Every structure is written in C-alpha cells, then in structure tokens.
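S.K.: 3D, please:
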Amino acid sequence: MSMKAGPVTTGIKIVLALLYGVPLLWIVLTSFKSSGDVFSSDATLLFRPVTEAYVGVLGPDLFVALRQSVVIAVGTTALVLLIGIPAAYALARTSGLITSVGLALLIVLQMLPQTANVIPLFQVFGSWGLLDSTLGVIVADTALLTPFAVMLMRPFFRAVPMSLEEAASLDGANLLRTFGRIVLPVARNGVATTGTLVFMLAWGEFLYAVNLFLSPGTYPLSALVAQQVGAFGIDWPGLMALAVLTSLPILVVYALSYRLLRDGLTVGAVK
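M.R.: Sure, this is the predicted structure:
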C-alpha cells in the first residue's frame with residue numbers, strides 16, 4: 001500500500017506544481033518582455049529581457065495603493081482577531097442549542113456569495129458615511145472574514161484542557177485573567193495562523209475595494225490591478241509587472257510564516 005502511495009503522491013504534487021507554477025512563470029516572464037514579444041511564438045521562453053514595464057508602473061499611484069493595502073490588511077486582521085478570539089473561545093467552551101445555531105449561522109454566512117452583499121453594504125455604508133473611506137472597507141472585510149476566523153480558531157481553543165482553567169480558578173484567577181494568562185498562550189499557534197491567513201485574504205480582496213471606494217486614486221493594490229485592465233488592456237507587460245509587484249509583499253509574508261501555517265493548520269485539523 002505504501003509503495004503505491006508514493007508515486008501517486010508524487011504525481012499529484014507534480015500536477016499541482018504545474019497547474020500553479022506555469023501561470024506564475026508566464027506572469028513573471030511576460031513582465032520582462034516588450035509589447036512586441038508578448039504574442040510572438042518565437043519569444044515564449046527565449047527573448048531579450050527589458051525592464052520598461054516595471055519603470056512604467058512605478059510611481060505615486062503604486063505607493064498610495066501599497067499604503068492602502070497595508071492599512072486595510074492590518075486593520076482587518078486586528079479587528080477580526082478582536083471579534084473572533086472571544087467568539088471562538090465561547091463556542092469552544094459552550095454546548096447546546098445556542099452553540100449549534102451559532103455554528104450553523106457561521107457556516108451559512110460562509111456560503112453566501114460576496115457579490116450578494118455589495119449592494120446592501122453600499123446602501124448601509126452610504127447612510128453611515130463610510131463610503132469612499134478606508135474604514136468602510138476594513139469593516140466590510142471584517143464582516144466577510146470573521147466567520148472564517150471563528151471556525152478556524154474554535155478547534156484550537158477546544159484543544160486547551162479544561163483542567164488548566166480549573167486549576168487557575170482554584171488559585172483565585174477570574175475568567176478574564178485565566179483566558180489571558182493560560183488559554184490564549186496555549187492556543188497562540190492557532191491565533192497566529194488565523195491572523196496570517198486573514199491578512200493574506202484581506203490583502204487580495206478587491207470586490208469591496210472597487211465598489212466602496214468611489215475615488216480610483218484611493219484604491220489598494222488589488223483594485224489597482226483590476227483598474228489597469230481597462231486603463232491599458234493591451235499593455236500586458238505593464239499589467240504583469242504590476243501583478244508581480246503586488247504579489248511580492250504577500251509572498252514575503254507567506255515565506256516567513258510558512259512553517260507556522262503548515263504546523264498550525266495540521267494541529268487544528270487533527271484536534
């Protein structure tokens with residue numbers, strides 16, 4: 001059985017690497033091509049690299065969008081964890097009808113298409129004065145990602161032994177102190193994993209950004225890429241160069257947190 005599993009696993013990894021790697025390779029190669037080499041069959045892999053596309057996209061708009069993306073991703077991550085940590089802990093330590101209904105609602109909220117929320121959010125944020133503001137996008141992204149974060153963190157809190165909390169209670173610690181001094185440090189790996197994933201998702205989210213920001217000059221990086229499709233649709237090197245620059249920060253975050261994500265998701269899945 002194990003002898004057959006090895007080649008099958010290797011084959012799956014090769015297929016996945018090709019499915020994900022070939023498009024990424026094409027994006028990077030296209031960003032270093034001239035416009036005349038993009039659709040030339042003779043210049044698919046062999047061409048003279050140029051950096052004109054990167055020079056063209058570097059400018060004030062890019063740095064404004066970068067700042068917006070950082071603010072939105074960091075703000076969304078902080079707000080999601082602020083709401084999701086106590087919610088996940090409560091659902092992990094309670095049982096009964098209310099808990100079952102709460103978990104069912106979280107699953108239903110995860111199933112709702114994001115496009116169905118755009119018009120209601122636009123109307124609500126318009127009455128609240130949150131349209132065309134970074135805070136409005138942060139609130140929208142938080143509403144989108146909080147159910148996901150709660151469902152992901154709940155198994156980590158359930159894995160914390162109740163005996164630790166009971167021992168702290170016997171020593172005179174109240175609930176808040178027990179949670180902050182014992183439960184949260186034990187479940188920190190799950191919280192950090194969830195925070196990293198939320199940051200990545202918030203960085204790449206563009207539907208709310210495109211619809212809730214009324215001024216294109218305030219777009220984050222994800223929306224700036226979508227805007228360029230209409231702005232210079234046939235300038236593929238410029239578009240791909242912008243895509244590469246947009247992906248670099250999140251690739252750095254992923255590389256730095258790869259072991260955390262691998263171990264955290266594995267522990268959460270097992271427990």
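S.K.: drop to CA atoms for contacts and neighbour counts, all remaining ones
M.R.: Will do.
S.K.: which phi and psi does the one residue sitting closest to the centre of the chain have?
M.R.: Nearest to the mean C-alpha position of the chain, by Cα atoms, centre = their mean, lies residue 201 at 1.4 Å. Dihedral pair for residue 201: phi -70, psi -40, per degrees, to the nearest 10.
S.K.: Please apply the same query to residue 32.
M.R.: The phi/psi pair for residue 32 (degrees, to the nearest 10) reads phi -100, psi 10.
S.K.: How about residue 132?
M.R.: phi 60, psi 40.
S.K.: Pull the contacting residues for the residue nearest to the centre of the chain.
M.R.: The contact partners of residue 201, by Cα atoms under 8 Å, 6 or more residues apart in numbering, come to none.
S.K.: In terms of pLDDT, where does it sit?
M.R.: Each residue has a pLDDT score; the one for residue 201 is 93.
S.K.: With the one 5 residues further on instead?
M.R.: According to the per-residue confidence, residue 206 scores 86 in pLDDT.
S.K.: Hmm, it is touching residue 223, no?
M.R.: Yes - the pair residue 206 / residue 223 is scored as a contact, 5.1 Å apart, by Cα atoms under 8 Å.
S.K.: Neighbours of residue 240, how many?
M.R.: 24 (other Cα atoms under 10 Å).
S.K.: same check, this time on the one 5 residues further on
M.R.: Other residues within reach of residue 245 by the criterion other Cα under 10 Å amount to 16.
S.K.: Check the secondary structure at it for me.
M.R.: helix (DSSP: H, G, I helix; E, B strand; the rest coil).
S.K.: how near is it to residue 110?
M.R.: To residue 110, residue 245 is 30 Å away according to Cα to Cα, to the nearest Å.
S.K.: same thing with residue 251?
M.R.: Taking Cα to Cα, one finds residue 251 at 26 Å from residue 110.
S.K.: How about residue 259?
M.R.: With Cα to Cα as the criterion, residue 259 and residue 110 are 26 Å apart.
S.K.: higher neighbour count, these two?
M.R.: Remark: of residue 259 and residue 110, residue 110 carries more neighbours, 16 against 12, as counted by other Cα under 10 Å.
S.K.: State the mean pLDDT of whichever strand or helix holds the more buried one.
M.R.: Using DSSP states H and E, residue 110 sits within helix 97-111. Helix 97-111 shows a mean pLDDT of 82.
S.K.: Packing partners of that helix?
M.R.: With contacts defined as 3 or more Cα pairs under 8 Å, 6 or more residues apart in numbering; DSSP states H and E, helix 97-111 has these neighbours: helix 60-93, helix 134-158.
S.K.: Return the set of buried residues in the shortest one.
M.R.: Read that as helix 134-158. 134, 136-158 (16 or more other Cα atoms under 10 Å).
S.K.: pLDDT of it, averaged?
M.R.: 92.
S.K.: Which elements pack onto it?
M.R.: Looks like helix 134-158 contacts helix 60-93, helix 97-111, helix 188-204, helix 207-212, helix 236-270 (3+ Cα pairs under 8 Å, 6+ apart).
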